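In: here's my sequence, what's the structure:
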Amino acid sequence: MTTSTLFNLAFALAAPFWALLILAPGWRWTDRIAASPLPMVPVLAVYVALAVPVFPQLWAAVSHPDLAGFQELLRLGGGAGAIWAQVITWDLFLGQWMYREARELSIHPLVMGPLLLFTVLLSPLGVLLFLALRAGARRRRPGATPPRHPAPTPAGQHT
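Out: I've put the predicted structure just below:
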């Protein structure tokens, strides 16, 4: 497979899962898929296929990061493709997390659909917006999210 084909395949493999998160919220299978790491595996396989041939340059760019090193890596088709597949995988991970958090906080799908779409396109901005929305939803529903570490009882046992 060519580098160009693999580059295009990275998003094509993630797109069906994004479609479920955006267009079929609340469907039993969407909830199950959003809770699984498996949707990321095919995109990670594309990442490996693109990263292995340029691994020395990739390692140099990430082990001693500087702008020139990343610019050089991105000039390589496999380097740019590997970074793209990494971004696609990370975006899908974030989208699945956002979906699950929104369901837990009862954030309406008509709010989350456009936000997830925005996250597909510009994930850092989408995540920032979601974090603000999430904070607001938590403030409106006190006690909806239990503390991560239960307070000890007088006997020293956790409840």
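In: report all helices and strands that the host helix or strand of Ala12 contacts.
Out: Taking DSSP states H and E as the criterion, Ala12 maps to helix 3-23. Using 3 or more Cβ pairs under 8 Å, 6 or more residues apart in numbering; DSSP states H and E, the elements in contact with helix 3-23 are helix 28-34, helix 41-51, helix 77-104, helix 109-121. For the C-beta atoms, the positions are set from N, CA and C on the backbone; glycine is no exception.
In: neighbours around Pro109, how many?
Out: Counted with other Cβ atoms under 10 Å, residues neighbouring Pro109 total 17.
In: about what we covered before: dump the helices and strands packed on helix 3-23 to JSON lines, plus mean pLDDT and distance to Gln71.
Out: Formatted as JSON lines, the helices and strands packed on helix 3-23 follow (pLDDT from 0 to 100; distance: least, Cβ to Cβ, whole Å):
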{"stretch": "helix 28-34", "mean pLDDT": "95", "distance to Gln71": "36"}
{"stretch": "helix 41-51", "mean pLDDT": "97", "distance to Gln71": "17"}
{"stretch": "helix 77-104", "mean pLDDT": "95", "distance to Gln71": "10"}
{"stretch": "helix 109-121", "mean pLDDT": "96", "distance to Gln71": "23"}
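In: go through those and name the closest to Ser4.
Out: helix 77-104 (7.1 Å; Cβ to Cβ).
In: that older thread, could I get the helices and strands packed on helix 3-23 as JSON lines with distance to Leu6?
Out: Converted to JSON lines, the helices and strands packed on helix 3-23 look like this (distance: least, Cβ to Cβ, whole Å):
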{"stretch": "helix 28-34", "distance to Leu6": "23"}
{"stretch": "helix 41-51", "distance to Leu6": "5"}
{"stretch": "helix 77-104", "distance to Leu6": "6"}
{"stretch": "helix 109-121", "distance to Leu6": "19"}
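In: out of those helices, nearest to Leu13?
Out: helix 41-51 (4.4 Å).
In: ok, residues contacting whichever helix or strand comes after the closest one?
Out: Next helix or strand after helix 41-51 toward the C-terminus (DSSP H and E): helix 55-63. Here helix 55-63 makes contact (Cβ atoms under 8 Å, 6 or more residues apart in numbering) with 51, 69-70, 72-73, 76, 79, 82.
In: could you give the angle of helix 55-63 to helix 41-51?
Out: Computed by axes from the mean of the first three to the mean of the last three Cα atoms, to 10 degrees, the angle separating helix 55-63 from helix 41-51 equals 110 degrees.
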